[in-house]
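S.K.: Requesting a structural model of the entry that follows:
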Amino acid sequence: MCAAIAAVSMGIVGLGAVAEAKAGSLNDIISRGKVRIGVLTGAPPMGMVDERGNPTGYDVDVANLLAGYLSLPVELVPLTPPARIPALQTGKVDFLVATLAPTGERAKTVMFTQPYSAFNMDIISGPDQKFTKLADLEGKRVAVNRGSSQETALRKAAVPGLEIVVFEDDSTSAQSVIAGQADAVALPSTVGEAIIKQRPDAQLQVGFTFFQQGNSMATKLDDFELRQWLNTSIYLMKISGDLDRIAIKWTGRPLPTLPTF
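M.R.: Just a heads-up that it's a prediction; the model follows:
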């Protein structure tokens, strides 16, 4: 851990040396003396708020680790899924650690790092009906969170008669199934497992996995310097075992094999 932090810190010194020639966002963060990181809410265990209203979860632990690498205090900015990219574009945050899947459409507006986490995307239903394949969703109502990768995937699947019902986050999407407003919900496996444990009375059940999602950090389109620093930090988090420890803490499993690009 100490070696990893030292390695990153040496990289920061090197970046600071060239900052006089070209000011970059990483140098701005260091000069400011605080880093602002956007994290997800409404998607336990990846991101939520605790009983005191403070952000907590997988993403928060990763964000705090990055702040430690920078040796800076951190301002965690809780964001709903639809608010993540706008918060980055408007400068409300320096970068995102917010369970954001890299997609071609999103890559038009932000730059993605290599993935730092991954999970399966599952179809989950109530006790009265179980779905085992996409064709079973014909004529059904499936809840998703707005602008999510699962919404995109289900629309591309073009299942006949499938009605996609959009909510603002994973928690309210899952609640719609419990309340009988939808037949099923598309959720990250980590989120689905947490909700099933929290609401045993609802008798929610996992039907099938329809794809694996890797999650990346995101910077503004021109923040090449910051993106490179984050990629280096992700590498160091992997080899130090820190990402495994965070994954085990919040999901009960080691970090899965992550996709790369």
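
S.K.: Break down the stretch 101-250 of the chain into its helices, ranges please.
M.R.: Counting by DSSP state H, counting those that start in this stretch, one finds helices in the stretch 101-250 of the chain at the ranges 149-157, 170-178, 189-198, 224-240, 242-251.

S.K.: tell me which residues in the third one are buried?
M.R.: Right, helix 189-198. Judged by neighbour count (16 or more other CB atoms under 10 Å), helix 189-198 contains these buried residues: S189, T190, V191, G192, E193, A194, I195, I196. From N, CA and C alone the C-beta is placed, and that goes for glycine too.

S.K.: now the first one
M.R.: For helix 149-157, the neighbour count (16+ other CB under 10 Å) marks S149, Q150, E151, T152, A153, L154 as buried.

S.K.: wait, isn't the fifth one in contact with M121?
M.R.: Yes: applying CB atoms under 8 Å, one finds A153 in contact with M121, separated by 7.1 Å.

S.K.: Pull up the overlap in contacts between those two.
M.R.: A186, F210, F211 (CB atoms under 8 Å, 6 or more residues apart in numbering).

S.K.: Would you list the buried entries among the residues you listed?
M.R.: Among the shared contacts of A153 and M121, those classed as buried by 16+ other CB under 10 Å are A186, F210.

S.K.: looking at the sheet around V97, what are its partners?
M.R.: V39 (DSSP bridges).

S.K.: from memory it sits against V62, does it?
M.R.: Yes: using CB under 8 Å, V97 is in contact with V62, at 5.2 Å.

S.K.: Please enumerate the shared neighbours of those two.
M.R.: In contact with both V97 and V62: Y116, using CB under 8 Å, 6+ apart.

S.K.: Compare these two and say which is more crowded by neighbours.
M.R.: Under the criterion of other CB atoms under 10 Å, the comparison of V97 against V62 puts V97 first, with 30 against 27.

S.K.: list the contacts for the more buried one?
M.R.: I37, G38, V39, D59, V62, A63, L66, Y116, M217.

S.K.: Quick one: closest of the helices of the stretch 101-250 of the chain to R84.
M.R.: Minimum separation from R84 across the helices of the stretch 101-250 of the chain (CB to CB) falls at helix 149-157, 12.3 Å.

S.K.: Who are the packing partners of that closest one?
M.R.: Contact partners of helix 149-157 among helices and strands, from 3 or more CB pairs under 8 Å, 6 or more residues apart in numbering; DSSP states H and E: strand 110-125, strand 141-145, strand 163-167, strand 184-188, strand 205-220.

S.K.: Point to the residue nearest the middle of this structure.
M.R.: In the chain, the residue lying closest to the centroid (CA atoms, centre = their mean) is T99, at 0.4 Å.

S.K.: Doesn't it lie inside a helix?
M.R.: No: read with DSSP: H, G, I helix; E, B strand; the rest coil, T99 is strand and lies in no helix.

S.K.: so what's it up against?
M.R.: Taking CB under 8 Å, 6+ apart, we find T99 in contact with L40, A43, M46, G47, Y58, D59, S117, P188, N215.

S.K.: can we see that at 7 Å?
M.R.: By CB atoms under 7 Å, 6 or more residues apart in numbering, the residues touching T99 are L40, A43, M46, G47, D59, N215.

S.K.: In space, what's closest to the fourth one - neighbours in sequence excluded?
M.R.: Taking CB to CB, 6 or more residues apart in numbering, and ignoring the residues beside it in sequence, G47 has L40 as its nearest neighbour in space, at 3.2 Å.
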